[in-house]
Structure formats: structure tokens, C-alpha cells
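Undergrad: okay, here's the prediction I keep looking at, along with the sequence it came from:
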Amino acid sequence: MVILLLLVSCFLHQSLKEKFAVKGITLYDINIVSFEPLSTYDKTALLLGTIRVTRKARNTFVMSGDVEFLRNWGNEYTVYYHVETSIGMILIKNSEPFCEFFNSELAVVKKFRQYSTVPPGNYCPLPKNRYEVNNYGVDESDLPMMLPKDTYTLIAKVMTSDEHVVLSYTLKIAVS
């Protein structure tokens with residue numbers, strides 16, 4: 001759930017939105033090519049439940065499902081991610097402690113909290129629990145107005161301080 005939020009937020013990065021803002025016009029179609037977790041994720045830290053992403057309309061996606069955190073998640077975890085083009089050019093690269101990301105002022109994080117059962121407000125560490133998200137939507141109003149045609153790959157990881165990978169996802173999105 002948290003990783004999916006991270007993946008979505010990378011493509012909604014505010015600087016891209018500001019660079020390509022043209023009100024009321026969307027110049028592309030987005031298709032999710034693949035969304036795959038690393039098969040060897042740490043099952044002592046979390047259990048991937050029923051999280052799924054469904055396309056509802058052109059450039060409109062909804063996330064629903066659940067995930068169970070088997071430990072408290074705090075700044076002992078670091079979130080790493082990068083987005084690259086089909087030729088390997090890195091567009092966004094970032095890392096930050098879990099709580100800083102999860103309590104950030106990013107609009108997608110605030111919106112996510114509205115549609116999920118995570119504790120309200122800036123709450124971290126996130127206590128071990130089963131969390132649900134119901135119809136958290138991303139639509140054209142959340143996306144940059146222009147995005148060059150390409151296949152973009154986002155690789156996101158949650159790691160411990162000793163670089164043990166707790167969870168990793170690869171998301172490929174085709175923009176046409």
C-alpha cells in the first residue's frame with residue numbers, strides 16, 4: 001500500500017506538474033504495463049494482501065485492498081525510488097526516511113490518508129496493523145498536463161539501515 005502510494009506520487013511529482021501545466025488539456029494516454037513486487041519481500045515485516053489497481057476511465061486509476069504490517073514502520077526504514085525512461089535516463093531519484101515520506105505535505109499522501117484506514121494526521125511510526133484503502137483515485141487532475149510518449153519504469157524499495165530490502169516494486173507505465 002505504501003509502496004503503491006510512492007509509485008503514484010513519483011509520477012505526480014509537483015515539479016513535473018508545474019513544468020507542464022496547461023489547464024483542461026491532457027495530451028496523452030497512460031497504461032500500466034506491469035506492477036510487480038519483488039517475490040522475495042520480507043514476510044516478517046508485512047503481508048501483501050489484496051491491493052489492486054483498476055483502470056476506471058482514460059487516465060483514471062483507483063486503488064483498493066489491504067496490507068498487513070507485522071512490525072511498526074518508522075525511520076528505521078528508508079524509501080528509495082527512481083524513475084527512468086526507456087533509454088535509461090533517470091528523471092527522478094530520491095530517498096528519505098519512511099516517516100518523513102509518509103508524513104510529507106505531498107497532496108497524494110494527504111489524499112491517500114482520506115481513503116485509507118491509516119491513523120489520521122502525522123502519525124509515525126506506523127503501528128503494526130492491517131490497513132485498508134478503498135477507492136483511492138488518481139485521475140487527470142492529479143497528473144502533469146504533458147508527458148512525453150515513452151515507457152517509464154519506476155523502481156521503489158523500502159530498506160533497513162543495513163540495506164536489507166524489505167519490499168521492492170517495479171512499475172512500468174506506457175505513455176502514448
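TA: Everything's here; your move. Please read these numbers as outputs of a predicted model, since none were measured by experiment. Numbering: from 1, shown residues only.
Undergrad: who's in contact with stretch 150-162?
TA: Contacts to stretch 150-162, defined as CB atoms under 8 Å, 6 or more residues apart in numbering, come from residues 2-3, 6-7, 10-11, 33, 76-86, 91, 98, 165-175. No exception for glycine: its C-beta is placed from N, CA and C like everyone else's.
Undergrad: buried residues, it. List them.
TA: Buried residues in stretch 150-162, defined by neighbour count with 16 or more other CB atoms under 10 Å: 150, 152, 153, 154, 155, 156, 157, 158, 159.
Undergrad: ok, so of these, who is nearest residue 137?
TA: residue 154 (18.8 Å; CB to CB).
Undergrad: follow-up on the earlier one: turn the buried residues of stretch 150-162 into a markdown table, including distance to residue 131, secondary structure and pLDDT.
TA: Shown next, in a markdown table, are those (distance: CB to CB, whole Å; DSSP: H, G, I helix; E, B strand; the rest coil; pLDDT from 0 to 100):
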| residue | distance to residue 131 | secondary structure | pLDDT |
| --- | --- | --- | --- |
| 150 | 33 | strand | 93 |
| 152 | 27 | strand | 92 |
| 153 | 27 | strand | 93 |
| 154 | 22 | strand | 90 |
| 155 | 23 | strand | 91 |
| 156 | 18 | strand | 90 |
| 157 | 20 | strand | 93 |
| 158 | 15 | strand | 94 |
| 159 | 21 | strand | 95 |
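Undergrad: narrow the contacts of stretch 150-162 to those in strands?
TA: Cross-referencing the contacts of stretch 150-162 against strands under DSSP state E gives 33, 77-84, 91, 165-175.
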